[in-house]
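Asker: what shape does this take:
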Amino acid sequence: MARQAINVGTSPNDGTGDALRNAFVKVNDMTTEIYGNNFVTYEQLSARYTAKQDIATTSGTINLDASLYATFELTGNLTTVTLDVQNMKKGTVIDILLSGADLSGAVITLSDDFTTSQINKVGSTSLDTTKKNIIQVLCADDLDSDAILNYAIASYETDTTP
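Answerer: Model (predicted):
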């Protein structure tokens with residue numbers, strides 16, 4: 001709906017502006033459009049931004065579908081695994097939590113479903129097999145023939161004192 005100007009007349013109480021009732025009808029119409037229709041609640045967000053998938057698989061190729069989940073938690077004790085990131089769109093970020101009790105000996109490789117892509121590590125931190133880890137993957141470009149995924153990894157632990 002286009003903005004509806006309320007005619008306030010040329011001087012106070014000269015009777016040339018909109019009647020009080022008509023003015024507030026316009027106000028109600030415009031605020032209903034703003035507050036009733038054009039905002040997104042958490043419940044309306046797609047799973048791409050809100051859902052978490054728990055994965056118990058510990059080896060082989062694990063498909064991580066970014067069109068269905070925003071967070072993937074691998075709860076098993078990983079051995080040799082390829083994390084195949086699928087259906088990423090430019091600007092999408094996914095979190096991969098490696099929360100298995102024993103990551104010693106884990107060998108993790110990232111792959112994707114693009115025809116041609118570049119996967120870049122951000123920063124110098126590598127997998128810490130003595131702790132839980134989080135890998136964040138950002139899709140910087142989703143052009144199938146030249147996609148770019150950037151990832152960063154860090155260990156994490158329970159601690160309420162930053």
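
Asker: ok, residue 5 - how many residues close by?
Answerer: Counted by other C-beta atoms under 10 Å, the residues lying close to residue 5 total 8. (Glycine included, C-beta is placed from N, CA and C.)

Asker: and the pLDDT at it?
Answerer: The score at residue 5 is 88. That number is its pLDDT.

Asker: return the distance of it relative to residue 19.
Answerer: Counting by C-beta to C-beta, to the nearest Å, the separation of residue 5 from residue 19 is 15 Å.

Asker: what does residue 97 give?
Answerer: Computed as C-beta to C-beta, the residue 97 to residue 19 distance reads 61 Å.

Asker: one more: residue 25?
Answerer: Using C-beta to C-beta, one gets 9 Å for the distance from residue 25 to residue 19.

Asker: just want to know which of those two has more residues nearby.
Answerer: Neighbours of residue 25 and residue 19, each counted by other C-beta under 10 Å, are more numerous for residue 25; the result is 14 against 10.

Asker: tell me the helix or strand right after the helix or strand where that one lies.
Answerer: When secondary structure is defined using DSSP states H and E, the element that contains residue 25 is helix 20-37. On the C-terminal side of helix 20-37, the nearest following helix or strand under DSSP H and E is helix 47-50.

Asker: who's in contact with that next one?
Answerer: Applying C-beta atoms under 8 Å, 6 or more residues apart in numbering, the external contacts of helix 47-50 come out as 42, 66-70, 89, 92.

Asker: which one of the residues you listed sits closest to residue 156?
Answerer: For residue 156, the nearest member of the contacts of helix 47-50 is residue 70. The distance, counting by C-beta to C-beta, is 17.0 Å.

Asker: okay, now the domains of the chain?
Answerer: Structurally, the chain divides into domains by automatic domain parsing as follows: 1-39, 47-156.
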